[in-house]
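A.B. asks: Here is a sequence together with a model predicted from it:
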Amino acid sequence: MGSETKRRGIIESKAVSYRDYTADNLSQIVQIPSLSGEERAVIARLGAMLREANFDEVRVDGLGNLIGRVGHGPRVLAIDAHIDIVDTGDLSRWELDPFSGLVRDGKVFGRGAVDQKGGAAAMVTAGRILKELGYDGQFSVYFTFTVMEEDCDGLCWKYLIEEENLLPDYVCLTEPTNLGLYRGHRGRVEIELHFSGLSAHGSAPERGDNAIYKGCRAALEIEKLHQRLKDDEFLGKGSVAVTQFSSRSPSLCAIPDGCLLHLDRRLTWGETMESAIQEVAETVGGEARIVVPSYNRPSYTGTVFTQEKYFPTWKLAEDHPLVQAGARTAASILGEPARIGKWTFSTNGVAICGRHGIPCIGFGPGNEELAHAPNEHIAIDHLERAAAFYALLPYVLEGQEAL
């Protein structure tokens with residue numbers, strides 16, 4: 001116990017000494033806009049940071065994910081941050097330039113500071129600390145800076161697992177958790193409802209078959225379906241919402257012959273794509289053609305890696321060894337028991353744990369309520385503690401497994 005306390009003290013001391021370094025690195029990458037599919041420049045800057053920190057391996061895969069490694073152990077721990085961002089939205093809502101990367105009053109400001117370049121900056125520092133400690137334990141610690149998550153969560157990790165054959169024993173996501181320890185979240189599936197009608201002149205609507213009316217009736221039934229969806233004690237209730245409504249018509253003087261509804265369906269424990277589609281089919285009857293769309297946008301490298309827009313639900317039991325190791329690490333760093341919870345939104349865990357069954361937890365700097373919001377910012381105190389957490393985690397895992 002004495003050696004563990006000493007190591008924690010060294011790691012915490014280093015994280016404190018690198019406080020400005022971490023904040024400056026975050027400022028630099030916040031200043032680089034990186035929408036999904038447009039991450040080349042920020043990947044290049046992060047790659048330079050990893051090389052400057054003397055990571056044992058630094059490379060970019062075919063999709064454009066940046067992969068850094070520290071250690072040569074036979075087992076694999078991966079620590080992940082996606083480095084693409086959402087757009088800024090209404091600029092009048094921002095008090096500062098969204099890409100200023102301003103460091104002021106103990107915070108770093110700008111789009112992506114919380115979601116989730118803050119986690120990425122803390123990872124760079126954690127890798128540097130591990131190198132300086134001469135980490136040579138049981139794990140090869142992979143730091144993955146992944147792309148296109150905002151567009152298609154999990155696609156990057158589906159590629160890493162299925163194409164790069166990166167198969168971790170454990171994964172820690174650095175999505176914002178407000179320094180809580182998270183062990184799951186609901187999944188989701190995107191569903192399109194296509195309605196066909198018959199066009200006719202708008203002056204004689206009875207001659208046609210109005211596809212908009214079909215879509216409207218279906219939308220009201222979907223609203224009722226939401227109330228009937230199942231619940232889970234930990235993950236919460238499933239949900240469904242109409243998030244887009246569009247129509248097709250020969251002209252504004254014609255009856256629409258096509259209508260499309262887009263559904264955002266959040267899946268709680270026990271719900272699947274198949275069960276969700278069946279519920280929708282029973283709700284709207286035979287009027288709609290039901291489609292789960294596919295994502296096939298090229299990455300910034302030009303690679304197209306297609307997947308259907310189904311993102312499986314996942315959770316780990318609270319007594320799972322990885323959750324326990326994460327809780328122990330968090331308690332050591334924070335000086336109080338870990339707050340164990342879940343995300344409301346979706347993460348790369350849908351591919352890592354949901355699709356491929358690899359144990360996954362989350363511990364991230366920043367308040368998740370600021371994700372995708374104007375005036376996004378993150379506390380440097382959070383960056384400091386997150387860096388210490390990521391550096392300490394492999395040691396705690398080894399100690400726990402030795403018990």
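C.D. replies: Received, thanks.
A.B. asks: Could you find the closest non-adjacent residue to the residue positioned nearest the centre of the chain?
C.D. replies: Centroid-nearest residue in the chain: T347, 2.8 Å away (criterion: Cα atoms, centre = their mean). Nearest residue to T347, sequence neighbours excluded (Cβ to Cβ, 6 or more residues apart in numbering): E175, at 5.0 Å. All C-beta spots, glycine's among them, are computed from the backbone N, C-alpha and C.
A.B. asks: now swap in M123 and tell me
C.D. replies: Sequence neighbours aside, F143 is the residue nearest to M123 in space, at 4.9 Å (criterion: Cβ to Cβ, 6+ apart).
A.B. asks: which residues sit in contact with that neighbour?
C.D. replies: With contacts defined as Cβ atoms under 8 Å, 6 or more residues apart in numbering, F143 is in contact with 50, 55, 67-70, 78-80, 123-124, 126-127.
A.B. asks: 7 Å instead, please
C.D. replies: Residues in contact with F143, defined by Cβ atoms under 7 Å, 6 or more residues apart in numbering, are G68, I79, M123, G127.
A.B. asks: what does A276 give?
C.D. replies: Contacts for A276 (Cβ under 7 Å, 6+ apart) come out as V189, I191, R265, L267.
A.B. asks: Now, of those residues, which are buried?
C.D. replies: Neighbour counting over these (16 or more other Cβ atoms under 10 Å) leaves V189, I191, R265, L267 as the buried ones.
A.B. asks: Report the two of those separated the most.
C.D. replies: When the buried ones among the contacts of A276 are compared pair by pair using Cβ to Cβ, the farthest-apart members prove to be I191 and L267, with a separation of 11.2 Å.
A.B. asks: hang on, A351 packs against Y159?
C.D. replies: No: no contact is recorded between A351 and Y159 when judged using Cβ atoms under 7 Å, the distance being 8.8 Å.
A.B. asks: The two: which is more packed in?
C.D. replies: A351 (27 against 24; other Cβ atoms under 10 Å).
A.B. asks: tell me the secondary structure for V189?
C.D. replies: Here V189 is recorded as strand under DSSP: H, G, I helix; E, B strand; the rest coil.
A.B. asks: bridging residues for it?
C.D. replies: In this structure, V189 bridges to R265, Y310 when assessed by DSSP bridges.
A.B. asks: In contact with it, which residues?
C.D. replies: Applying Cβ under 7 Å, 6+ apart, we find V189 in contact with R265, L267, M273, A276, V292, K309, Y310, F311.
A.B. asks: What score does the fifth one have for pLDDT?
C.D. replies: This points to V292. At V292, the model reports a pLDDT of 98.
A.B. asks: How about it: what's its closest non-neighbour residue?
C.D. replies: Nearest non-adjacent residue to V292, counting by Cβ to Cβ, 6+ apart: E308, 5.2 Å away.
A.B. asks: can you check Q244 too?
C.D. replies: When the adjacent residues along the chain are set aside, Q244 lies closest to H262, with 3.7 Å between them (Cβ to Cβ, 6+ apart).
A.B. asks: if we can go back for a sec, identify, from the contacts of A276, the entry nearest to S332.
C.D. replies: Ranking these by separation from S332, with Cβ to Cβ as the measure, puts L267 on top at 34.3 Å.
A.B. asks: can I assume the closest one is in contact with R186?
C.D. replies: Yes: look at L267 against R186 with Cβ under 7 Å: they come within range, at 5.7 Å.
A.B. asks: okay, and the common contacts of the two?
C.D. replies: With contacts taken as Cβ under 7 Å, 6+ apart, L267 and R186 have T313 as neighbours in common.
A.B. asks: just the strands in the stretch 201-350 of the chain please.
C.D. replies: Secondary structure of the stretch 201-350 of the chain (DSSP state E, counting those that start in this stretch): strands at 239-248, 258-267, 288-291, 294-295, 307-308, 310-311, 314-315, 340-341.
A.B. asks: for those strands, which one ends up most surrounded?
C.D. replies: Using mean count of other Cβ atoms under 10 Å, the stretch among the strands of the stretch 201-350 of the chain with the largest mean neighbour count is strand 310-311, at a mean of 26.
A.B. asks: Which other helices and strands does the biggest helix by length in the chain contact?
C.D. replies: Identified as the longest helix of the chain according to DSSP state H is helix 380-402. For helix 380-402, the packing partners by 3 or more Cβ pairs under 7 Å, 6 or more residues apart in numbering; DSSP states H and E come out as helix 2-17, helix 19-30, strand 75-82, helix 118-132, strand 139-146, strand 170-173, helix 321-334.
A.B. asks: how about 8 Å then?
C.D. replies: Here helix 380-402 touches helix 2-17, helix 19-30, strand 75-82, strand 107-109, helix 118-132, strand 139-146, strand 170-173, helix 321-334, going by 3 or more Cβ pairs under 8 Å, 6 or more residues apart in numbering; DSSP states H and E.
A.B. asks: Present the ones you listed as CSV; the columns should include distance to H377.
C.D. replies: Below are these laid out as CSV (distance: least, Cβ to Cβ, whole Å):
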stretch, distance to H377
helix 2-17, 20
helix 19-30, 10
strand 75-82, 17
strand 107-109, 4
helix 118-132, 10
strand 139-146, 21
strand 170-173, 21
helix 321-334, 21
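A.B. asks: Nearest to T301, out of those?
C.D. replies: The closest of those to T301 is strand 139-146. By Cβ to Cβ, the value is 13.0 Å.
A.B. asks: hang on, D115 packs against H372?
C.D. replies: Yes: in this structure, D115 is within contact of H372 by Cβ atoms under 8 Å, at 6.4 Å.
A.B. asks: picking up where we left off before, angle of the longest helix of the chain against helix 118-132?
C.D. replies: Between helix 380-402 and helix 118-132, the angle formed by their directions is 60 degrees, by axes from the mean of the first three to the mean of the last three Cα atoms, to 10 degrees.
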